[in-house]
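Q: predicted structure and sequence below. I'll ask about it afterward.
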Amino acid sequence: MELNKKTINFFKSLYWDYDVSENDIIKIIQVGESNGLTRKNLLGRVLRSRRWYEIKKILSPALLKEALSEDVTKTLFPKSLSHKYNYVRKILYQ
């Protein structure tokens, strides 16, 4: 996935409570982990903190599918948010 400055800044803004570098964001997206932060955690933060239209605009189709996976959605709170994204996954991918 090609990460431009806007995309990197979008992901960095999700980690307002951590000191995360651009290189960390790139490693999280491309490798899956950097300095204890994981892609699963990042995608969960996306779903918890951004509106659907922003999510669809910024995530690649592969990352969107991964974000909507049960592995990520089961970590969401409140559970109603988890149910919402499980429904979206069902509509889009089944």
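A: Noted; the coordinates are in hand.

Q: quick one: Glu22 from Leu63, how far?
A: Noted for Glu22: a distance of 17 Å to Leu63, by Cβ to Cβ, to the nearest Å. The way it works is simple: take the backbone N, C-alpha and C, and place the C-beta from them, glycine included.

Q: so those two - more neighbours on which side?
A: Legend: neighbour count by other Cβ atoms under 10 Å for Glu22 and Leu63, higher for Leu63 (17 against 13).

Q: so what secondary structure elements neighbour the helix or strand encompassing the more buried one?
A: Following DSSP states H and E, one finds Leu63 within helix 61-67. With contacts taken as 3 or more Cβ pairs under 8 Å, 6 or more residues apart in numbering; DSSP states H and E, helix 61-67 sits against helix 39-49, helix 52-58.

Q: next, format these as JSON lines and append distance to Tyr15 and mean pLDDT.
A: Listed next are the helices and strands packed on helix 61-67 as JSON lines, based on distance: least, Cβ to Cβ, whole Å; pLDDT from 0 to 100:
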{"stretch": "helix 39-49", "distance to Tyr15": "7", "mean pLDDT": "97"}
{"stretch": "helix 52-58", "distance to Tyr15": "15", "mean pLDDT": "94"}
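
Q: deepest in the core, which of the ones you listed is it.
A: helix 39-49 (a mean of 19; mean count of other Cβ atoms under 10 Å).

Q: for that one, enumerate the helices and strands it packs against.
A: helix 5-14, helix 22-30, helix 52-58, helix 61-67, helix 70-73, helix 79-93.

Q: who does the first one touch, helix- and strand-wise?
A: This points to helix 5-14. Packing contacts for helix 5-14, counted by 3+ Cβ pairs under 8 Å, 6+ apart, involve helix 22-30, helix 39-49.

Q: please identify which of the ones you listed is closest to Glu2.
A: With Cβ to Cβ as the measure, helix 22-30 is the member of the helices and strands packed on helix 5-14 nearest Glu2 (10.2 Å).
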